[in-house]
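> predicted coordinates and the sequence they were generated for:
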Amino acid sequence: MHRLPNRARRALRALRAAVSVPAPHPGEVRVRVYLNTDPTALLTGYRPDAPVTLAYTYMLCVDPAADTDEVLLERVFATFNDHPEHDNDQIHTDTWYAKGMHGVTGLRSLSVGDLVALDDRHYTCQSHGWTRLPAPPD
């Protein structure tokens, strides 16, 4: 059995640390934003065969008694369309437009056809509201 050289192991460890987000605690939701790279997505919406790119991941503090998925999705939408509703979301807006995440640069606004995951629940952005997807994107 071959072992990776030290330099490769260190690089792999750093890469895993850069893209991993800790498991959520009670009162937290792991949010993942996927951008649809299909140029027709604004017109056609999300299609299961559409190419998507994981653009941003973060933990969102929530009130489980008051914050439904719909409320959280609208909060995420506002954050990634440059008008965050909460002061503690501003850092995500600034990061999104400044440099992005996961090696994706030049991030655009969250739009029709894009996906948002709240923990293990996946939704696609529609022209009016959100539609839950039966399975996570590949």
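Done, it's in.
> show me the beta-bridge partners of the most centrally placed residue in the chain.
The centroid of the chain falls nearest to residue 33 when counting by C-alpha atoms, centre = their mean (1.7 Å). On the basis of DSSP bridges, residue 33 is bridged to residue 56, residue 116.
> what's the distance between it and residue 117?
Plainly put, residue 33 is 8 Å away from residue 117 if you go by C-beta to C-beta, to the nearest Å. Where C-beta positions appear, they are placed from N, C-alpha and C, glycine not excepted.
> what's residue 127 sitting at in phi/psi?
Backbone torsions for residue 127, taken as degrees, to the nearest 10, come to phi -60, psi -30.
> pull the number of nearby residues for it.
Applying other C-beta atoms under 10 Å, we find 10 residues neighbouring residue 127.
> gap between it and residue 33?
18 Å.
> same question for residue 113.
Note on residue 113: its distance to residue 33, by C-beta to C-beta, is 12 Å.
> low-scoring stretches of the chain, by residue?
Applying pLDDT under 70 to the chain flags residues 1-25, 99-106, 135-138.
> what are the ranges of the helices in it?
Listed in chain order, the helices of the chain (DSSP state H) span 6-19, 41-44, 69-79, 90-98.
> show me what the last one is packed against.
With contacts defined as 3 or more C-beta pairs under 8 Å, 6 or more residues apart in numbering; DSSP states H and E, the packing partners of helix 90-98 are strand 52-61, helix 69-79.
> buried stuff in it?
Residues of helix 90-98 classed as buried: 92-93, 96 (neighbour count, 16 or more other C-beta atoms under 10 Å).
> now do stretch 35-46: distance to the chain's middle.
Here the centre of stretch 35-46 is set off from its chain's centre by 16 Å, with C-alpha atoms, centre = their mean, to the nearest Å.
> then stretch 75-94?
With C-alpha atoms, centre = their mean, you get 13 Å for stretch 75-94.
> quick one: residues in contact with it.
Contact with stretch 75-94 is made by 31, 33, 56, 58, 60-61, 74, 96-97, 107, 109-110, 116, 125, as judged by C-beta atoms under 8 Å, 6 or more residues apart in numbering.
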